[in-house]
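> Structure for the following, please:
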Amino acid sequence: PPPAAPLSTPPSSQTPPPPPPSAGPIPKKKTHRFRNFLLTLTTLIGLSFAGGVYYSLISDNFHDFFTEYIPFGEEAVLYVEEREFKKRFPNAFNIPRVDRPKVSIGRESGVHAAVSEPDEQRAAIGERGPHLVGTKQEDVKVIKSPGEAQAVTPTVIGETKVESTKHSDKVAEAKKEAPVSEAVPTKSTEELTRTHIHPISLEELESYFKDSSKVIRQQVVDLATNLNEIISHVNENGRPSDFAAAVEKAKAILSKLSKNAAPMEKVASTRVEQVEQLELQYTKQLAEIAERAQAQVQARERAILTEVNSELGGMWDRYEDKLAALRAQLLENYNESLRGELEAQELALKKQFAESVSQHVETERNSRLGKIKELEAEVDAIKAEFEKYSQVVDYALYTQRLQIALDELKEALDDNVQPRPFVRELANLKEAAGTNPAVNAAIGTINPKAYQKGLYTQGQLINRFRTVSEEVRKAALLPENAGVAGHAASWVLSKVMFKKSGLALGEDVESVLTRTETFLQEGDLERATREMESLKGWAGVLSQDWLKEARMLLEVRKAVEVSAEE
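Below is the predicted model of the structure:
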């Protein structure tokens, strides 16, 4: 099929597209300064609080300050210490439960109301009787066995029976029903038959304590004896029926206590044995650890002694070799210097001797020949004395020149005004030392910058250290990629933070600076330099200049000490 003609619209019907919207002003990005300030402040406070808690666990002085003046500081420190304690001792709070027998109390146990006594008996309280005299009545019987308790017959008061097995409320009802007036005479009231209470059998109680200790058994027996005395007193002077329930309950509790005392004592003794075994085990382990530590210390001591002895032997051999070489060199120089003088003296003496011989050869031939040997002996003695004194004089002059050069060098080093070069003094020392290898080697170890520019004295190094330590503290407190706020915070913390004193423990920057300052105050520059060398990072970079000056001063001092020893 032919292709369809393209659709087209008349030009008059076409409308231009709408113009694009005009771009307005670009909105400014919010800086959120207040939010960032709050976040930064919160982060700094949290980090400072966490750092304070951590440092409180290390330093006791800071712990007291932090827990007393910082809010919630004491609670945070106690929480962290409790967590650490639980990690170290996870079973400290797991107390094992002990199955104990349950004690059930009856409904009718305890104190009950008692019936008031009749008027006649109240009147008889002040009269003379067993409760005042303390004597026993003939009609009072102490029941010691259950058979005798069953044989006791109840007593009739009027028309009501009072039995020993009834409760005190039944006795009260019986007394209410009984006529109290003229039907009951005074004599019948005094002759009331008292129901007796059974005392506790001591043999039965002791049977429960066959496996117990004597102390517990004796205490329970004493308690039962006291209770029997109370029962006897009640049977003799009181109304046993009123105290029957309470006494029976006390007897039951005492019997139950007697039955449970032995197992409880066994459990306690078992635990005591376990604790003693653990203590013995820990004591053995502690002794083994102490023995191992002592063995290690002894082995280390032997190794150190062996190393020290070998080093001392090597040093002694090197010293003897050096001394022998020096002695040979001195003897050679002395022999060369004296050889010419001796030859001249020998020629003069020979000439004089030849002249004297030629003059007196004829006249004193025999006498001159005899004196020749004496002259030769005198010449030999003169030679020996000359050699000895010339050696002493040369050595004294050498020592004097070397000492003068050393004194000049020390004066140049001890100048506290300002560092100045000491090239001239060092050259004088080298010239005075001559061919001494030890002094020349010590001079060769000195850094050329030291004698060209001069050195700081120890007092000046201490003053410089105080300035350097402030900058090191700031750099140590400055975090990485810190801005203006970080620099300001580090400056504030360096001013506020407490400084340690003495030989502080730890490898942090503050501890190292404290130990360095202590060593400088004591005059130990070498140990102070070693402490500063342990600093890393920016703290180490800031302290490099001070370390270079201290090392150069130590090198020069060492060279002077070696020269003085030589």
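> what packs against the one helix or strand Glu376 maps to?
Secondary structure assignment for Glu376, by DSSP states H and E: helix 365-413. Applying 3 or more Cβ pairs under 8 Å, 6 or more residues apart in numbering; DSSP states H and E, one finds that helix 365-413 contacts helix 240-360, helix 423-433, helix 544-565. Backbone N, C-alpha and C define where each C-beta goes, glycine included.
> Would you mark the buried spots in the last one?
It refers to helix 544-565. Neighbour-count burial for helix 544-565, with 16 or more other Cβ atoms under 10 Å as criterion, is recorded at Trp546, Glu549, Ala550, Arg551, Met552, Leu553, Glu555, Val556, Arg557, Ala559, Val560, Ser563.
> Quick check: the fourth one touching Thr529?
Spelled out, that is Arg551. Yes - the criterion here is Cβ atoms under 8 Å, and Arg551 meets it with Thr529 at 6.5 Å.
> Can you classify Lys30 as helix, strand or coil?
What DSSP: H, G, I helix; E, B strand; the rest coil gives for Lys30 is coil.
> Next one: it relative to Ser534, how far apart?
Distance of Lys30 to Ser534, given as Cβ to Cβ, to the nearest Å: 47 Å.
> out of these two, which sits in the busier spot?
Using other Cβ atoms under 10 Å, the more surrounded residue of Lys30 and Ser534 is Ser534, with 13 against 7.
> hmm, back to that, for the helices and strands packed on helix 365-413, give me a markdown table that also has distance to Arg83.
Compiled in a markdown table, the helices and strands packed on helix 365-413 are given as follows (distance: least, Cβ to Cβ, whole Å):
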| stretch | distance to Arg83 |
| --- | --- |
| helix 240-360 | 25 |
| helix 423-433 | 64 |
| helix 544-565 | 42 |
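> So which of those is nearest Thr457?
helix 544-565 (7.7 Å; Cβ to Cβ).
> Show residues contacting the closest one.
In this structure, residues lying in contact with helix 544-565 by Cβ atoms under 8 Å, 6 or more residues apart in numbering are 402, 406, 409-410, 413, 429, 433, 438-439, 441-443, 445-447, 449-451, 455-458, 461, 464-465, 468, 525-526, 528-529, 532-533.
> which among those end up buried?
Neighbour-count burial (16+ other Cβ under 10 Å) applied to the contacts of helix 544-565 gives 402, 406, 409, 413, 429, 433, 439, 442-443, 446, 450-451, 455-458, 461, 465, 468, 525, 528-529, 532.
> before we move on, back to that, let me know the angle separating the helix holding Glu376 from helix 544-565.
160 degrees (axes from the mean of the first three to the mean of the last three Cα atoms, to 10 degrees).
> Begin at 6, not 1, for the rest of this chat.
Happy to do that; since the first residue is 6 now, the last one works out to helix 370-418.
> how big is the angle separating helix 370-418 from helix 245-365?
140 degrees.
> tell me the average confidence for helix 370-418?
Regarding helix 370-418, the rounded mean pLDDT is 77.
> Just confirm Ile50 is within a helix.
Yes - the assignment for Ile50 by three-state DSSP puts it in a helix.
> and it, how far is that from Tyr60?
Taking Cβ to Cβ, one finds Ile50 at 15 Å from Tyr60.
> can you check Ala273 too?
Relative to Tyr60, and taking Cβ to Cβ, Ala273 is found at 45 Å.
> neighbour count winner among those two?
Comparing Ala273 with Tyr60 by other Cβ under 10 Å, the one with more neighbours is Tyr60, at 15 against 11.
> So that one versus Asn338, what's the distance?
Computed as Cβ to Cβ, the Tyr60 to Asn338 distance reads 68 Å.
> cool, and Lys261?
Going from Lys261 to Asn338 by Cβ to Cβ gives 113 Å.
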